[in-house]
Every structure is written in C-alpha cells, then in structure tokens.
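> Sequence and predicted structure are below.
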Amino acid sequence: MTATDIHALVGAYALDAVDDLERVAFERHVTECESCRIELDELRETVCRLADDAWSVPPPRLREQVLAEVGRTRQLPPARKPRPDRRVESWRRWATAAAAAVVLAAGTGVSVWQVQEQRVQDQSVLAEQAQRREARTRQILAAPDLVVRTAPVVGGGKVTVASSAQYDAGVMMLGADGPPANGRVFELWTLRGRTATKAGLLDPGVGSAVRVIDGLPGNDGFGVSVEPPGGSPQPTQIVANVTLT
C-alpha cells in the first residue's frame, strides 16, 4: 500500500468502512501524520453532528400511557333530545376522531421505535462481528511463526497470504487493479494436490478484499480465479496462485 493510498483512507476510517489490514496500516500511519490526524478529528466531529438529530426513540411505554389516558377521559353523555344538537354531535365526532388519531400515532410511534431498536441491535451485532474479525486478524498477523507470501494477479495487482501454523489459519489480502469484467467475480480456493476447495467468493464489482482463511496451513497453495456470478464447482480461470510449501 502506497503513501497516497494510506492518506486516502482517512474518510473511510472515520466512517469505520475499512477492512482489517487497512485499519492496522492506517492506525500505524496516523500516529506519525499530523495532517491525517487533524482531518480525522474534523471528519469525526462532522459525523457526530450529523448523527445528533438523525432520530429520537419514543419511550417504550408511550402507547400504554396514551391508551390509559383515553380510558380515563370522561365521554360526553348521549343527547336526550330526539334531534341532538349539531354542535354537540360535531364535538363528539371530533373527539372520537382525535382519540383515534392519538392512539394511531402512539401505535405508529411504538412501531417506529421497534424498527429503530432492531436496526440498532443489528448494527451492534455487525460491530461485534467486525471486532471479532479484527481481533482474529491481529492475532494471526502477530503470530511468531507467521509466513508471508505473495503472487501477482493476471491483469495487474497482487495477492498476499500471511499464514500461521500455530493458529492453523491465514490472512489473505487481494489487491487487484480492478474487478473482473462482464459481471464476473473473483473466487478464492485452497489447493492441495489436484484438489481445489472453495475458500470464499467476492461480490460482483469487487477487486480487493481481506479474508481470514481457517485451515490454510497444510495446503500446497492458495488460488484466485475468475468465475461467473455465484461461483463455480471448480476453478476455471486461475489468475493468481500463491505457493505455500
């Protein structure tokens, strides 16, 4: 990764949109680069300001409180005249409609709160998963027996594999110059003899990725192929092959 690439990561880092290896590289860089530190602080402040008024959460008991208040409110008695006063009848209709609107609004508020709460929970789960992946990546990259190998990618770029027999896993970083053409995708493989085993599939339009590959040590190699969307049972066009033995 070049110095220019590192500087360009400041925006993505502020939004927590970097992968594990990019995070490690940028955090090391930002301790030495004052301009990146200043820009990062400014971006974080902007993000916080934008998020302040994004949404508010209604109290969980809002709906129950509104319904209880409606139940305590005294209703108008029925008119005794054969033909009720139009003003009274109009008031009764308005009060009924208003109460219904309040209940509906309360129900809507609770529904919105539930949806927002679910989103927060989903984001929390994703954050925890990202933290676990980062911790796993850091653990492998800090292994005393770490072995790093690289290979070029046909068409430009390279793939780097850092493996640890101690943790029986490796970290793969693919940095192709661009994604495959015509909607095709990169697929990852562990190679042992003549046997290729699926190790991951990138989305269409993606030309770079960082993945933890469990069970990587002990294989003869690691390959990257170009396949149709959805992948293939076996590699059809290998564009990078990292020898591991």
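Arrived safely, thanks for sending.
> Report the contact partners of A209.
Residues in contact with A209, defined by CB atoms under 8 Å, 6 or more residues apart in numbering, are 19, 172-174, 186, 200, 202. Where C-beta positions appear, they are placed from N, C-alpha and C, glycine not excepted.
> Relative to P228, which of these is nearest.
The shortest gap between P228 and any of the contacts of A209 belongs to F186, at 11.7 Å (CB to CB).
> hey, what's the closest one bridged with?
Taking DSSP bridges, one finds V226 as the beta-bridge partners of F186.
> what's the burial count for it?
26 (other CB atoms under 10 Å).
> cool, I140 as well?
The burial metric for I140, expressed as a neighbour count using other CB under 10 Å, is 23.
> ok, it to E27 distance?
With the distance defined as CB to CB, to the nearest Å, I140 ends up 17 Å from E27.
> What of K198?
Using CB to CB, one obtains 32 Å as the distance from K198 to E27.
> Which one's more surrounded, these two?
Neighbours around K198 and E27, counted as other CB under 10 Å, are more numerous at K198. The numbers are 14 against 11.
> can you pull up the bridge partners for the more buried one?
When assigned by DSSP bridges, K198 has beta-bridge partners W189.
> Mind pulling up the pLDDT for it?
K198 is assigned 96 on the pLDDT scale.
> could you pull out the helices for the protein?
Shown for the chain, the helices assigned by DSSP state H span residues 3-8, 10-14, 20-30, 34-52, 62-72, 86-141.
> mean confidence for the shortest one?
Same thing as helix 10-14. 68.
> What of stretch 141-153?
Taken as a whole, stretch 141-153 has a mean pLDDT of 90.
> next one: stretch 185-192
Per-residue pLDDT values across stretch 185-192 average out to 96.
> ok, residues contacting that stretch?
Looking at stretch 185-192 with CB under 8 Å, 6+ apart, the contacting residues turn out to be 172, 174, 176, 179-180, 196-204, 206-207, 209, 211, 213, 215-216, 218-229, 231-232, 235, 238-239, 241.
> Worst mean pLDDT among the helices of the chain?
Here the helices of the chain differ in mean pLDDT, and the lowest is helix 62-72 at a mean of 57.
> which ones are touching the nearest residue to G157 once chain neighbours are set aside?
Computed as CB to CB, 6 or more residues apart in numbering, the closest residue to G157 that is not its neighbour in sequence is A176, at 3.8 Å. By CB under 8 Å, 6+ apart, the contact set of A176 is 153, 155-157, 186, 207-208, 239.
> Tell me the one among those residues nearest to E128.
Using CB to CB, the shortest approach to E128 within the contacts of A176 belongs to S208, at 24.1 Å.
> And the pLDDT at the closest residue to that closest one other than its chain neighbours?
For S208, ignoring the flanking residues on the chain, the nearest one in space by CB to CB, 6+ apart is G175 at 5.0 Å. Confidence at G175, expressed as pLDDT, is 90.
> What number of residues are in the vicinity of G175?
Applying other CB under 10 Å, we find 18 other residues in the vicinity of G175.
> my guess is Y167 contacts L141, does it?
No: with contact taken as CB atoms under 8 Å, Y167 and L141 are classed as non-touching, separated by 10.1 Å.
> Please parse the protein into its domains.
What automatic domain parsing lists as the domains of the chain is 3-52, 62-139, 147-243.
> which residues touch T197?
T197 makes contacts with 189-191, as judged by CB under 8 Å, 6+ apart.
> H29 now?
6, 36 are the contacts of H29 under CB under 8 Å, 6+ apart.
> All set, thanks.
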